[in-house]
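# Structure of the sequence below:
(chains A and B)
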Amino acid sequence: MSNTSYFVNISGFWCEMLGVGDFYYELGVQIVELCVATSHRNGGVISLDEVLSKLNHRRRPDNQVSGDDVVRAVKKLRILGSGMEVVATGSSQFIYSIPGELSMDHTTLLQLAEKVGHVTVSSAADDLGWTHERVSRTLDHLMRIGVAWRDNQDRPPSFWFPAFFQQCRAAD
Amino acid sequence: MDRWYWCDASLVSGEKVETSANGIRLYDGDKKTGYDDGHLVLTNQRMLWRHESKSTSLGLHLSLIVLIEEEAGGFTSSPKLVLHLSQPPHTQSAGPVASSPHSHIKLSFKHGGCSAFRQALQKAIGERQWESVNTSIPLASKGNQGRSAHTGILGIERAIQAKQKETNQNISRAFEDLKNLMGLAKDMVLLSRNISNKIREHSGEVSSDDTVQFRSYLLSLGIDDPVTRDTYGSANEYHHHLARELAKALEQSVEEAGGVMLLSEVYCRINRARGLELLSPEDVLNACQVMKKLALPLIMHTFESGVQVIQTATLDQKKVMEATMEVLNRHEMDGGVSAGDLARECGLPLLLARERLLQAEQCAEAVRDESSEGLRFYPNLFFSRA
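Predicted coordinates for the structure are as follows:
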């Protein structure tokens, strides 16, 4: 039975019928490549808006993708075990490509950071109602994985999040 | 419908034929009449409708036409002209219908020619040649006779109604198609089940090649054939084939990458190579999972953290460890090694570098230093220099 034409994947048949399979798988490839290319800068957290703008920049005007398309594609990529998932923080969504790294605390702090742009330990403690120690611990972890950067020139030191830089620029 | 009157097909003096059309059905208001498939002639004064089997014609004087509208056709309906008519004069001779509640008629053009006829009709009405000739029908004195502009509330209302009706028709047509498709699919499934049963009963008589071929057709159609499922399991054969394809396509790249490659990278590479008929992430995962069973040169490995990779089956874990330790030893004095450092030095993806360091720690070859500077690793000197 060496004739490979026998081996047709069941779901592939219907995907072809409906014409959706290749679209999402190709999109998945582009998303993975984009995350790999930017992870050194943002630690593996990239905003959905940035993904959309970068992807659509490369695509033809009549072949643009929507946020919904990206979310679906990322959901399918989860099982590859590279930690790809969509996380909603506040008003917008982010694509994480770091497996199992972030807890509720990290996400909550990121949510706050997305709103205000940058934080200090005290400002975050006030806004979230946490102890300074809890904020420090959370920020430490985020720094360790490269999602947060510390500006030591500020007194007290401030913390910035490259994943949100595009939004800061846009707000200006 | 009461504006039509019986006549013969002869033309009165001064009348000449402008155009004609076939396959015309007459409608009384919006209702079909039995006057179907007739030949319609437009003269400069009247319209004459006649069925080829009959000797008499129906005539309608153009002066009665107040407004002309066109209805586009669809799958099940032909294009139509809607003619709004004024009241017929008392002097008009008898027609097929004594009186009708409708003040408009429709002409349906089964064989096309609707727009051309409309243009000719508009022109004929515009010219009003019957006014210069003495005819038996008095002229109506409406000022907007024959104008086909969609002016007036009446025109707008009709247009809206027509649009709504068309939308409804389109929707039901769409569902008709879907219903038909579902009906067909049901038949197909039943048919294939029957055949499958027959094959099972007579398996001695049917050649095994035919059986296999038939079963694979069923598989490709997504029809659940119990025999196929028993023999092959759920789509397993496909993933075995894929696993071989992956191993063949990527063996060298994995070697070059140091013997280990993330599953997400495998997914990207194989799909970039394929170009068309891309694989889903599930397919890639399932294919990689059966690699070991097939004794292929690549196998899948899952780290404790959940990270999944493909690695060469002959990967010498010791060599990997030695390479990692070599980097750690080199940077022992200048701040240790982070995952990012190792990634850059060895040309690895960040996730893999991290796994290597964690593994070294697991084997007690390396120790970690967690601080706000990040997570860094150093060679484990507790055993060697204690």
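# The nearest residue to residue A:38 once chain neighbours are set aside pairs with what?
Here the nearest residue to residue A:38 in space, its sequence neighbours aside, is residue A:46; by CB to CB, 6 or more residues apart in numbering or on different chains that works out to 5.6 Å. From N, CA and C alone the C-beta is placed, and that goes for glycine too. As for beta bridges, residue A:46 partners with residue A:95 under DSSP bridges.
# Hmm, residue A:46 is touching residue A:92, no?
No: with contact taken as CB atoms under 8 Å, residue A:46 and residue A:92 are classed as non-touching, separated by 11.3 Å.
# For those two, indicate the residue with more neighbours.
residue A:46 (24 against 14; other CB atoms under 10 Å in any protein chain shown).
# Next, residue A:113: secondary structure please.
Applying DSSP: H, G, I helix; E, B strand; the rest coil to residue A:113 yields a three-state assignment of helix.
# And for it, the neighbour number?
Other residues near residue A:113 come to 24 when the count uses other CB under 10 Å.
# give the contact list for it.
In this structure, residue A:113 makes contact with A:119, A:124, A:148, A:159, A:161, A:164, judged by CB atoms under 8 Å, 6 or more residues apart in numbering or on different chains.
# from those residues, which two are the most distant?
A:124 and A:164 (14.3 Å; CB to CB).
# Dump stretch B:116-133 to CSV, restricted to CA.
Output for stretch B:116-133, consisting of C-alpha atoms alone and laid out as CSV, is shown next (Å, rounded to 0.1, in the frame of the first residue of the first chain):
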residue,chain,number,x,y,z
ALA,B,116,-34.8,45.2,-24.7
PHE,B,117,-38.6,45.0,-24.7
ARG,B,118,-38.8,47.6,-21.9
GLN,B,119,-36.7,50.0,-23.8
ALA,B,120,-38.8,49.6,-26.9
LEU,B,121,-41.9,49.9,-24.9
GLN,B,122,-40.7,53.1,-23.2
LYS,B,123,-39.8,54.6,-26.6
ALA,B,124,-43.2,53.7,-28.1
ILE,B,125,-45.0,55.2,-25.2
GLY,B,126,-42.8,58.3,-25.3
GLU,B,127,-43.6,58.8,-28.9
ARG,B,128,-47.3,58.5,-28.4
GLN,B,129,-47.9,57.8,-32.0
TRP,B,130,-51.5,56.9,-31.4
GLU,B,131,-52.4,60.5,-30.7
SER,B,132,-51.7,61.5,-34.2
VAL,B,133,-53.8,58.6,-35.5
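# Mind checking which of the contacts of residue A:113 are in helices?
residue A:124 (DSSP state H).
# For the closest residue to residue B:129 other than its chain neighbours, give me phi and psi.
Using CB to CB, 6+ apart and skipping the chain neighbours, the partner closest in space to residue B:129 is residue B:44 (4.2 Å). Backbone torsions for residue B:44, taken as degrees, to the nearest 10, come to phi -80, psi 0.
# With residue B:366 instead?
Residue torsions, per degrees, to the nearest 10, at residue B:366 are phi -130, psi 160.
# That one: what's it in contact with?
The contact partners of residue B:366, by CB under 8 Å, 6+ apart, come to B:324-325, B:328, B:357, B:360, B:377-380.
# residues near the nearest residue to it once chain neighbours are set aside, how many?
Of all residues not flanking residue B:366 in the chain, residue B:360 sits nearest, at 3.9 Å (CB to CB, 6+ apart). With neighbours defined by other CB under 10 Å, the count for residue B:360 comes to 24.
# so which helix or strand takes in residue B:360?
In this assignment (DSSP states H and E), residue B:360 forms part of helix B:350-362.
# after that helix comes which helix or strand?
Scanning onward from helix B:350-362 (DSSP H and E), the first element met is strand B:366-371.
# angle of that next one against helix B:350-362?
120 degrees (axes from the mean of the first three to the mean of the last three CA atoms, to 10 degrees).
# Which residue ranges of chain A form strands?
In chain A, the strands defined using DSSP state E lie at A:45-47, A:84-89, A:92-97, A:118-119, A:149-151, A:158-160.
# Out of those strands, indicate the one that is most buried.
When neighbours are counted by mean count of other CB atoms under 10 Å in any protein chain shown, the highest per-stretch mean among the strands of chain A falls to strand A:45-47, a mean of 24.
# Against which helices or strands is it packed?
For strand A:45-47, the packing partners by 3 or more CB pairs under 8 Å, 6 or more residues apart in numbering or on different chains; DSSP states H and E come out as helix A:21-42, strand A:92-97.
# what's the angle between the last one and helix B:350-362?
It stands for strand A:92-97. Taking the same axes, to 10 degrees, one finds strand A:92-97 and helix B:350-362 inclined to each other by 50 degrees.
# can you list the domains in chain A?
As recorded under automatic domain parsing, the domains making up chain A are A:3-96, A:104-171.
# Helix or strand, whichever it is, which one in chain B has the lowest mean pLDDT?
Averaged element by element with mean pLDDT, DSSP states H and E, chain B has its least confident helix or strand at helix B:226-232 (a mean of 45).
# Past it, which element shows up next along the chain?
With elements assigned by DSSP H and E, the helix or strand that comes after helix B:226-232 is helix B:236-256.
# In contact with residue 96, which residues?
I'll assume chain A. Residue A:96 neighbours (CB under 8 Å, 6+ apart): A:44-45, A:83-87, A:102.
# Chain B, not that one
Residues in contact with residue B:96 (CB under 8 Å, 6+ apart) are B:1, B:4, B:6, B:35, B:58.
# same thing but 10 Å
For residue B:96, the residues meeting the contact criterion (CB atoms under 10 Å, 6 or more residues apart in numbering or on different chains) are B:1-2, B:4-6, B:26, B:28, B:33-35, B:56, B:58.
# next one: residue B:5
For residue B:5, the residues meeting the contact criterion (CB under 10 Å, 6+ apart) are B:46, B:57-61, B:88, B:92-97, B:137.
# before we move on, the earlier item: so which of the domains of chain A comes closest to residue B:237?
For the domains of chain A, the distance to residue B:237 is smallest for domain A:3-96, at 6.1 Å, taking CB to CB.
# for the record, mean pLDDT for the closest one?
Model confidence over domain A:3-96 averages 78 on the pLDDT scale.
# hey, which strand is longest across chain B?
In terms of residue count, the longest strand belonging to chain B (DSSP E) is strand B:17-28.
# who does it pair up with?
Looking at strand B:17-28 with DSSP bridges, its paired strands and their directions are strand B:31-32 (antiparallel), strand B:38-43 (antiparallel), strand B:104-109 (antiparallel).
# Centre of the chain to that strand, how far?
38 Å (CA atoms, centre = their mean, to the nearest Å).
# same question, stretch B:18-30
Distance of stretch B:18-30 from its chain centroid, counting by CA atoms, centre = their mean, is 36 Å.
# Show the pLDDT at the residue nearest to residue B:7 when sequence neighbours are not counted.
Distances taken as CB to CB, 6+ apart put residue B:59 closest to residue B:7, at 4.3 Å, once the chain neighbours are dropped. Turning to residue B:59, the model gives it a pLDDT of 87.
# same question, residue B:140
The score at residue B:140 is 40. That number is its pLDDT.
# Any regions of the stretch 251-386 of chain B where pLDDT drops low?
B:371-374, B:386 (pLDDT under 70).
# what ranges do the strands span in it?
With DSSP state E, counting those that start in this stretch as the definition, the stretch 251-386 of chain B shows strands at residue ranges B:260-262, B:298-302, B:308-312, B:337-338, B:366-371, B:374-379.
# ok, the last one: who's next to it in the sheet?
Going back to what we said before, that points to strand B:374-379. The strands that strand B:374-379 pairs with in its sheet are strand B:337-338 (antiparallel), strand B:366-371 (antiparallel) (by DSSP bridges).
# Let me see the contact set for residue B:154.
B:66-67, B:84, B:103-104.
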